[in-house]
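pasting the sequence and the predicted coordinates here, then a few questions.
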Amino acid sequence: MEKNIERKVYFNGEFVNESEAKISIYDSALMFGDMVFEMTRSFNGNQWRLRRHLERLYSGIKILRIPMPISIDEMEKAVYETIEINKPLFESDDEHRVMIDVSRGLLSLYHGIPNMHKGTNVIIADFPLKWTVQNCSHLYDSGINLHITSQRAIPSQLMEPKIKNRSRLFYLMANIEASMVKGEDVWALLLDVNGYIAEGTGSNFFMVKNDKIYTPKGKDILRGITMETIVTDIAPSLGIEVIEKDIEPFDVYESDECFITSTPFCVLPCVTLNKLKIGNGKPGKITNSLLENWGNKVKVDIVGQIKKWDKKIKNEASTTPYKFGSPKNNSMTMEISED
């Protein structure tokens, strides 16, 4: 591959070079975080539940009253066109990580500025999944360490968390706090305003007790597509009951095992909460069986694939979802896990 060849991005009906896909500094997304988005992944090059992701996207567009120039069918077609046009620039073992952004566009105050696109912005990018999961294959073996942050999840009566939007400063603050906790592989876990466990910063939380799976109620969380897959598909296929309930940190301390779900990783084991062991402090049998069953369904060795990518990358191991501070700090370099 020639280094000067760029991936193409779908940008308002046209394909432009990745470096040229830009929105105005006066866009509502920059001014207010006024953007809905989805991030998907493939297995063996096949997009996983793309239509379901798009249905959630269009629900957010409807609720936020963003004028939408294309239908959901046209959006789906554009996603596949974006994947197809970029295929020559992907390595044979890559998976496609598609990012779809929709912003309201230029604020009316700035419509008088010449040469500005004034309508809704629809942007579709396709890049290798391994960017998102790089240096994280060890987490399937060692698990992640959860830390309850002082930053709480935003309740639905203030801002609807079931809309996947870019107004995520509270996620960022939780990640910064988690990055300052001593230890490796520390990830943020948010409580709701009542002190019940809500979600991670881009992931859903599950707890296992007496061979039953428990997950927080769906009121004040992003209802992840991966979460939905566990609840309606993977767990039932293994004969495991999933119960939605209010979960206190105390419940987690007494649990047998825990895990989180997100689109790029599918399932990741959690081994401690606030430095206290969950169960025996190792990835649990149900967590591993869910992951194995998922891999069988999509015919991909999910863990093996990510480990193979890590051997190629050979970067320093990451420990938290973002990199903060100077390179001298042992900070996070991994992109947040989106669901």
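Here it is on my side, so go on. Keep in mind the model is a prediction, meaning the values are calculated, not measured.

where do the strands of the stretch 1-150 of the chain begin and end?
8-11, 14-17, 35-43, 46-47, 96-103, 121-128, 144-148 (DSSP state E, counting those that start in this stretch).

next one: the stretch 151-300 of the chain
186-191, 197-200, 204-209, 212-215, 242-244, 257-262, 266-273, 276-277.

residue 49: which of those strands is closest?
Nearest to residue 49 among the strands of the stretch 151-300 of the chain is strand 266-273; the distance by Cβ to Cβ comes to 11.8 Å. To be clear about C-beta, it is placed using only N, CA and C from the backbone, and glycine gets the same treatment.

residues contacting the closest one, please?
Applying Cβ atoms under 8 Å, 6 or more residues apart in numbering, the contact partners of strand 266-273 are 139-140, 142-148, 187, 189, 203, 205, 226, 230, 249, 252-253, 257-262, 277-278, 281-284, 287-288, 290-291, 294, 302, 337.

related to what we said a few turns ago, so which of the strands of the stretch 1-150 of the chain gets nearest residue 237?
That would be strand 35-43 among the strands of the stretch 1-150 of the chain, by Cβ to Cβ, at 16.4 Å.

now do that closest one and strand 121-128, the angle between them.
30 degrees (axes from the mean of the first three to the mean of the last three Cα atoms, to 10 degrees).

CA atoms only for strand 35-43 - export them in CSV, please.
C-alpha atoms of strand 35-43 as CSV (Å, rounded to 0.1, in the frame of the first residue of the first chain):
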residue,chain,number,x,y,z
MET,A,35,-24.3,15.1,17.4
VAL,A,36,-25.6,11.5,17.4
PHE,A,37,-23.4,8.7,16.3
GLU,A,38,-22.9,5.0,16.1
MET,A,39,-19.8,2.8,15.9
THR,A,40,-20.1,-0.7,14.5
ARG,A,41,-17.7,-3.6,13.9
SER,A,42,-17.5,-6.6,11.6
PHE,A,43,-16.8,-10.3,12.1
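
so among the contacts of strand 266-273, which ones count as buried?
Among these, the ones that count as buried by 16 or more other Cβ atoms under 10 Å are 139-140, 143-148, 187, 189, 203, 205, 226, 230, 249, 252, 257-262, 278, 283-284, 287-288, 290-291, 294, 302, 337.

adding distance to residue 133 and mean pLDDT, write the strands of the stretch 151-300 of the chain out as CSV.
Output for the strands of the stretch 151-300 of the chain, formatted as CSV (distance: least, Cβ to Cβ, whole Å; pLDDT from 0 to 100):
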stretch, distance to residue 133, mean pLDDT
strand 186-191, 14, 98
strand 197-200, 15, 98
strand 204-209, 17, 98
strand 212-215, 23, 98
strand 242-244, 25, 98
strand 257-262, 10, 98
strand 266-273, 10, 98
strand 276-277, 25, 98
